[in-house]
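Asks: Predicted model, plus sequence, below.
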Amino acid sequence: MEQTGPIAAAVAWLAAAAPDPEACRREWERTDSGLALLPAGRRWDVLLVPGPLGRPALRLLTQSPPFGGWGRLATGGPVLLDPGDDSIGFLVPVGTAARWVGTGVRAAGAGAWVVVPHPTRRGPGPRWLVVPDGSGQLTDPVALELALHEAAAGLGGPRVHG
């Protein structure tokens, strides 16, 4: 049965990164894992951040109201979790990986392949923390860099509001 709505849009957007989008869809549908190997550098790059830094950075990027006066509109892209190596993968614009300079952050751009789960995948292994919506919106690398700096400074944890 053909899916419609946001999940269908997310599947179409993700599969469009594959050399053969229909083969990617079939792989997601026919395998128990719900995972596909997709090339970075075509529609997005991925910045892989260690979990202890990536989780507070993600909180900073998604909290409401946005911290520091800059907004959620500039930051809201898909985010992956790989529990195997406890890393958080932020999907960022193509070319970001080639320009990124940051200690402990791995970058996957042109020539790299990334394990990508189906948008509805649950369970062990890679999964989405922020599911793509199919719009193509990616995480703003400047906003991500600011959030990573703030998280690294220890400011990314829970805050007490009076």
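Replies: Looks like it came in fine.
Asks: Assess the claim that W128 and P78 are in contact.
Replies: Yes: with contact defined as C-beta atoms under 8 Å, W128 counts as touching P78 (6.6 Å). Yep, even glycine has a C-beta here, placed from its N, CA and C like the rest.
Asks: Which residue, other than its chain neighbours, is closest to the residue nearest the centre of the chain?
Replies: Central residue of the chain (C-alpha atoms, centre = their mean): V79, 2.4 Å from the mean position. Closest residue to V79 apart from its sequence neighbours, by C-beta to C-beta, 6 or more residues apart in numbering: V130 at 4.0 Å.
Asks: Can you name the residues that contact that neighbour?
Replies: L58, T62, G76, G77, P78, V79 (C-beta atoms under 8 Å, 6 or more residues apart in numbering).
Asks: so the last one touches P117, yeah?
Replies: No: contact between V79 and P117 fails when scored by C-beta under 8 Å: they sit 11.9 Å apart.
Asks: Could you pull out the helices in this protein for me?
Replies: In the chain, the helices defined using DSSP state H lie at 6-15, 21-30, 51-62, 96-99, 141-152.
Asks: Burial check on the nearest residue to G54 once chain neighbours are set aside, number of neighbours?
Replies: Distances taken as C-beta to C-beta, 6+ apart place I88 nearest to G54, at 2.8 Å, with adjacent residues excluded. Look at I88: counted by other C-beta atoms under 10 Å, it has 22 neighbours.
Asks: Mean pLDDT and mean neighbour count added to the helices of the chain, as TSV?
Replies: TSV is the format used below for the helices of the chain (pLDDT from 0 to 100; neighbours: other C-beta atoms under 10 Å):
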stretch	mean pLDDT	mean neighbour count
helix 6-15	92	18
helix 21-30	90	14
helix 51-62	93	20
helix 96-99	96	17
helix 141-152	92	20
